[in-house]
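J.: 3D model of this:
(chains A, B, C and D)
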Protein chains: 2
Amino acid sequence: MEVKLQTLPKQVAGVLARRIATGGIPAGQGLSEQQILQEFGVSRAVAREALKILASLDMIEIAQGRRVVLRPAEEWDYLSPLLIDWLPPEQIRELLAEAHATRIIIEPAITAIAAKHMTKESLERLGTLLAAMSATEDNPDGYLRLDLDFHMEICRAAQNRILDRFMYSSRWWQAASRRISNQMPHALPSATEMHRAIYEALVARDAKRAEEAMRRHLKATTAVGLPHKD
Amino acid sequence: MEVKLQTLPKQVAGVLARRIATGGIPAGQGLSEQQILQEFGVSRAVAREALKILASLDMIEIAQGRRVVLRPAEEWDYLSPLLIDWLPPEQIRELLAEAHATRIIIEPAITAIAAKHMTKESLERLGTLLAAMSATEDNPDGYLRLDLDFHMEICRAAQNRILDRFMYSSRWWQAASRRISNQMPHALPSATEMHRAIYEALVARDAKRAEEAMRRHLKATTAVGLPHKD
DNA sequence: CCTATAAGCTTATCAGACAAGTTGATGTTA
DNA sequence: TAACATCAACTTGTCTGATAAGCTTATAGG
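T.: Modelled structure (predicted):
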């Protein structure tokens, strides 16, 4: 009996994506529904959906009449969680560093904006999250979830859907990255303290201080176990 | 004879998206392939692909056995160019402001990083673009393309694929937004001057000055014809 | 009242066909 | 020979109808 981990088109797309990422498919050659359907023994519908997935990541380009062509790797959708599973480890490591560098740019700025917009309800939720974190320091997985929620709550408060979506996208990278840095001993209690500093600055609606606290928090996470980038 | 503007699933997805965005579909009710296929008179394959598109924007959630359900608007993929065509004008205006606010946060920081990494080739391309802009000030559409390329070239130089992708995504919002601000008289010559200031700071590899020049440029664009946000 | 089974939804996958667009070869004409 | 028109082969787009697999709900049994 077959074990069904994912939908069939996704599995096929995964195999193809890995092959493309490692240069297993000559750029000039491209793909075709026929090939896929023969190689994987799936129906045309599945082959088509698999290609649609890759197209949504900007890895390939589909057009009627023309054979499917590969697109330059510089323009792939690195914000998609799918690529985290499909890219080779070396690239993942690089991308993690880039994601973290990005957070250091964006999140302090977000925090400064959020400080001005903070509602009482939002502050309450942050307080609750903080308490929960403090009580979950022996459980890295649970802590990670709370941590992400804490950061998302701040982002939500900045009331910018574009930024919000970006943070939401890079959430997957954060998760992967955080899983590394939180393995360090005492990383969690120390993280809680830093979150508390951010929280208190937000309560005081002190944009500058909140921004700085967030920056300190993120830079501290950089130091631990992650390749540095800028 | 039918005029084919887009692929069929995309058209269907567009109609559905607009309906969802304007609250035309009760949240509790959801959708089903059957409904779509009957209402639009398309095949099931097309109905399915249309739903897949909406799912890729996180507007709906598809799972085998369960009827399709709507997802909260806060988590839609506002980075996708598709939504630009599908959301109602009021929302678009708000989102344009948010996109611009985002740029003011990110691009100066990118520029500072880029200043350190600038290669001779990249600087050359920027110089070429700048000259072209100077010669295209009477052609808003052509100018827009050069302008976007100029900013993307800088972003590319920062060597951060996550940020790069984000800028690439928000390119569509930029295009829409720029189309507004460039209509102002003398906007183009003035823009060229500001781009030149950025370029010269980059040539000098002066990160601080480049960052500040970029910030001035973006804030100047804010003032013109766009609702202000933060 | 609770549980287990089954019927009827829904989405997932398959198969085969035709339509429509692109490409490249073929052949004709200036 | 060179430019152009036509057609054949290949590719993606769409349609139809059927079966598999997962979920929900109602029903029958304990």
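J.: now whichever strand or helix holds residue A:141: mean pLDDT?
T.: Residue A:141 is part of helix A:140-157, with elements assigned from DSSP states H and E. Helix A:140-157 carries an average pLDDT of 91.
J.: Give me the helices and strands touching it, please.
T.: Judged by 3 or more C-beta pairs under 8 Å, 6 or more residues apart in numbering or on different chains; DSSP states H and E, helix A:140-157 is in contact with helix A:89-117, helix A:120-134, helix A:161-181, helix A:187-203. C-beta: built from backbone N, CA, C; applies to glycine.
J.: Now with 10 Å, please.
T.: helix A:89-117, helix A:120-134, helix A:161-181, helix A:187-203, helix A:207-223 (3 or more C-beta pairs under 10 Å, 6 or more residues apart in numbering or on different chains; DSSP states H and E).
J.: For DNA strand D, which of those is the nearest?
T.: With C-beta to the nearest atom of the strand as the criterion, DNA strand D lies closest to helix A:161-181 of those, at 23.0 Å.
J.: Now that closest one: buried residues?
T.: Within helix A:161-181, the residues scored as buried using 16 or more other C-beta atoms under 10 Å in any protein chain shown are A:161-174, A:176-178, A:181.
J.: Near DNA strand D, which residues of chain A are found?
T.: Within chain A, the positions lying close to DNA strand D (C-beta under 7 Å from any atom of the strand) are A:4, A:31-34, A:44, A:48, A:62-68.
J.: For those, give me CSV that also has distance to residue B:96, secondary structure and pLDDT.
T.: Output for the residues of chain A next to DNA strand D, formatted as CSV (distance: C-beta to C-beta, whole Å; DSSP: H, G, I helix; E, B strand; the rest coil; pLDDT from 0 to 100):
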residue, distance to residue B:96, secondary structure, pLDDT
A:4, 43, coil, 64
A:31, 37, strand, 92
A:32, 40, coil, 93
A:33, 39, helix, 95
A:34, 44, helix, 94
A:44, 41, helix, 97
A:48, 35, helix, 97
A:62, 30, strand, 96
A:63, 30, strand, 95
A:64, 33, coil, 95
A:65, 36, coil, 93
A:66, 34, strand, 94
A:67, 38, strand, 94
A:68, 34, strand, 95
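J.: Could you identify which of the residues you listed has the most neighbours?
T.: The residue in the residues of chain A next to DNA strand D with the most neighbours, by other C-beta atoms under 10 Å in any protein chain shown, is residue A:31 (21 neighbours).
J.: any idea how far residue A:60 is from the closest residue to that residue other than its chain neighbours?
T.: Using C-beta to C-beta, 6 or more residues apart in numbering or on different chains and skipping residues adjacent in sequence, the residue nearest residue A:31 is residue A:68, 4.4 Å away. Using C-beta to C-beta, to the nearest Å, one gets 5 Å for the distance from residue A:68 to residue A:60.
J.: quick check: domain ranges of chain A?
T.: A:8-75, A:88-223 (automatic domain parsing).
J.: Alpha carbons of stretch A:17-32, in PDB - could you do that?
T.: Presented in PDB, the C-alpha positions along stretch A:17-32 are these (Å, rounded to 0.1, in the frame of the first residue of the first chain):
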ATOM      1  CA  ALA A  17      12.800  21.100  -8.900                       C
ATOM      2  CA  ARG A  18      15.700  19.300  -7.300                       C
ATOM      3  CA  ARG A  19      16.900  18.200 -10.700                       C
ATOM      4  CA  ILE A  20      16.700  21.700 -12.000                       C
ATOM      5  CA  ALA A  21      18.500  23.200  -8.900                       C
ATOM      6  CA  THR A  22      21.400  20.900  -9.200                       C
ATOM      7  CA  GLY A  23      21.800  21.500 -12.900                       C
ATOM      8  CA  GLY A  24      20.400  18.100 -13.900                       C
ATOM      9  CA  ILE A  25      18.500  19.500 -16.700                       C
ATOM     10  CA  PRO A  26      20.300  21.300 -19.600                       C
ATOM     11  CA  ALA A  27      19.000  24.900 -19.800                       C
ATOM     12  CA  GLY A  28      18.700  24.800 -23.500                       C
ATOM     13  CA  GLN A  29      16.600  21.600 -23.500                       C
ATOM     14  CA  GLY A  30      13.800  22.300 -21.100                       C
ATOM     15  CA  LEU A  31      10.900  20.000 -20.300                       C
ATOM     16  CA  SER A  32       7.700  18.700 -21.700                       C
END
